[in-house]
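# give me a model of this one.
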Amino acid sequence: MVNNLGWSWRATTRAAQKLPPDVDKILEDAFLCEAYVVCNYAVPPELWVNTDQTQTVYQHGNKGAWHQRGDKQVGAVGKDEKCAFTLVPLVSASGDVLPFQAIFQGATVASCPHKESLYYEEAINLGFKLEPSKSSTYWSTLDTMRSLVNEIIAPYFERKKRELGIECPEEQRSIWKINCWSVHNRDPHGCIRGTGTCRFHPWETCGLMDPRIQVPVSHRYSTDTGLCSGIFNYIRGYPQV
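Just a heads-up that it's a prediction; the model follows:
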């Protein structure tokens, strides 16, 4: 393995994805279902939107501390804690990037970036939605998903229907594609109304079928220390000069 494959013993960083035994059949069926909807209802790429979610960490928990040399046990405050928020990127099949939604742990808007934070006004002008989770985590909730649809996705669909000159926009089908998580499985968010179709990535196959639109954002964030510093100050509400 060392000489021929170039492998070495490495510490694991994530659990291996568990795929169902008939994953190829599942993916084929999902593809055919989508193809049927697109072809049968003449859905243009502008009206086919994929949503993803990514955990964005801007301060990791402590893994070390100053302590007496030679001691075998060293306590650390906040070892299992980290500061993070959920970023929800969206992109259409035509390549349009929709405004992002960001979800911060907390009960009020005081948990969100301050209005005087760096790039706050620009983000709002671009249509970004910065929202408190109103729960004990920073993950999406049913309320934040409704907000995502009603304030970002639905207005985008309506605008695109006008731009495309669709004669009967109220009858034109559109597709919203999301991962299959518990918060997404409830009657989706009051938003798939009338001519909207919600498509789920098959359970436990997101890594294979998801276009992974969050990867460029995550990569830029993890490799640009200046961006990391800016985001940290942005989230904390400290304006930079």
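# can you show me the strands along this structure?
In the chain, the segments counted as strands under DSSP state E are 48-51, 54-59, 83-88, 90-92, 101-104, 129-132, 174-178, 196-200.
# TSV for those, including distance to residue 149 and mean neighbour count?
(C-beta placed from N, C-alpha, C; glycine too.) Listed next are those as TSV, based on distance: least, C-beta to C-beta, whole Å; neighbours: other C-beta atoms under 10 Å:
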stretch	distance to residue 149	mean neighbour count
strand 48-51	9	23
strand 54-59	19	16
strand 83-88	11	20
strand 90-92	10	20
strand 101-104	10	23
strand 129-132	11	20
strand 174-178	7	23
strand 196-200	9	17
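# now render those strands as TSV, adding mean pLDDT and distance to residue 152.
As requested, those are exported to TSV (pLDDT from 0 to 100; distance: least, C-beta to C-beta, whole Å):
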stretch	mean pLDDT	distance to residue 152
strand 48-51	89	9
strand 54-59	75	16
strand 83-88	87	9
strand 90-92	90	7
strand 101-104	94	6
strand 129-132	94	6
strand 174-178	87	11
strand 196-200	67	14
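# of those strands, which is nearest residue 166?
Nearest of the strands of the chain to residue 166, taken as C-beta to C-beta: strand 174-178 at 10.4 Å.
# redo the strands of the chain as TSV? Include distance to residue 156.
TSV is the format used below for these (distance: least, C-beta to C-beta, whole Å):
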stretch	distance to residue 156
strand 48-51	7
strand 54-59	20
strand 83-88	14
strand 90-92	8
strand 101-104	12
strand 129-132	12
strand 174-178	9
strand 196-200	12
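# in this structure, where's the longest helix?
In terms of residue count, the longest helix belonging to the chain (DSSP state H) is helix 23-40.
# please consider this matter closed, and thank you.
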